[in-house]
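J.: output the structure for:
(one chain, ligands or ions: 1)
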Amino acid sequence: MKIMFVVGFLLFLSLQNDPYSYQRRKMVEDQIQSRGITNKEVLSAMKKVPRHMFVPSNYQEHAYDDNALPIGLEQTISQPYIVAYMTEIINPQPTDKVLEIGTGSGYQAAVLAEIVQKVYTIEIIPDLGLRAKNILDELEYNNVEVMIGDGYHGWEDHAPYDAVLVTAAPEKIPQPLIDQLNVGGKMIIPVGSVHGIQHLILLEKQKDDIKVLKKFPVRFVPFTREEE
Ligand code: SAH
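T.: Numbers count the residues shown, from 1 in each chain. Next comes the predicted model:
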């Protein structure tokens, strides 16, 4: 009886602290592990990052649903499974420096920041970039740097990167992003036309070669360009 009370009280405390911890654990089990994601660091990052803090308040109760959600300004936060898949496939290491294009809500950057040493992320819409920066600061993700700008050019100052993760879909892989990838590094990027079919593409930069693997069809928001 006493034990039940203690367990109940602890549960109450943890829910006070984080009302979504149960939903987040379910999300990882039902949407991510069940679809074949096994990387331990990825699973624990997805269990830890409070996804509901990255979505607009009117969508918070849907933050752990099995789909993308609007984050304003016609942009979206990716479906949890896609975030996990893209994070796992770059094989993230604790010493890695990763470049993300398309900060959006900042959620993907936070998931990466749980695993790798340093995350550089670029967002073209200033309002979104600033909002993401604020929440990342509030949650003390001190190893993430947000830049407002056109990610087409990458972020030369900190190159080369061990991995590049792109979360908006261009019609063609931007050459500067390939150039800024380390030898042995990986890029995951959705490629395709705005209204047509896009595919996730895995690019591996080898010493004298670039290997490109087409994964599965996806739907991302378009990769837009700043006027030159
Ligand atoms: N990774 C995000 C998903 C955001 S959606 C998340 O976890 O929430 C993709 C984002 O890419 C949008 O916010 C869009 O504004 C941005 N984007 C599109 N083209 C871009 C470009 N050329 N450079 C930087 N960001 C871009």
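
J.: tell me the buried residues in stretch 163-171?
T.: 163-170 (16 or more other Cβ atoms under 10 Å). Placement of C-beta: from N, CA and C, glycine included.

J.: and these near the ligand, which?
T.: Counting by Cβ under 6 Å from any ligand atom, 167-168 from the buried residues of stretch 163-171 sit close to the ligand.

J.: need the contact list for the residue of the chain found nearest the ligand.
T.: Closest to the ligand within the chain is Gly104: 2.2 Å, counting by Cβ to the nearest ligand atom. Counting by Cβ atoms under 8 Å, 6 or more residues apart in numbering, Gly104 touches 71, 75-78, 123, 128, 132, 167.

J.: SS state for it?
T.: coil (DSSP: H, G, I helix; E, B strand; the rest coil).

J.: what's the closest non-adjacent residue to it?
T.: Gln75 (5.5 Å; Cβ to Cβ, 6 or more residues apart in numbering).

J.: outside of stretch 140-150, which residues touch it?
T.: 103, 106, 109-110, 112-113, 116-124, 126, 129-130, 132-133, 136, 155, 225-226.

J.: how does it look with 7 Å?
T.: By Cβ atoms under 7 Å, 6 or more residues apart in numbering, the surrounding residues in contact with stretch 140-150 are 103, 109-110, 113, 117-124, 126, 129, 132-133, 136, 155, 225-226.

J.: what's the following helix or strand after the worst-scoring helix or strand of the chain on mean pLDDT?
T.: Least confident helix or strand, the chain: helix 2-17 with a mean of 76, by mean pLDDT, DSSP states H and E. The first helix or strand that comes after helix 2-17 along the chain, using DSSP states H and E, is helix 21-27.

J.: so which bits of that following helix are buried?
T.: Buried, per 16+ other Cβ under 10 Å, within helix 21-27: 23-24, 27.

J.: do me a favour and average the pLDDT over the very next helix or strand once past it.
T.: Next helix or strand after helix 21-27 toward the C-terminus (DSSP H and E): helix 40-48. Mean pLDDT, helix 40-48: 98.

J.: same thing with stretch 110-127?
T.: The average pLDDT for stretch 110-127 rounds to 98.

J.: run the chain-centre distance for stretch 124-139.
T.: Here stretch 124-139 is found 14 Å from its chain centre; the criterion is Cα atoms, centre = their mean, to the nearest Å.
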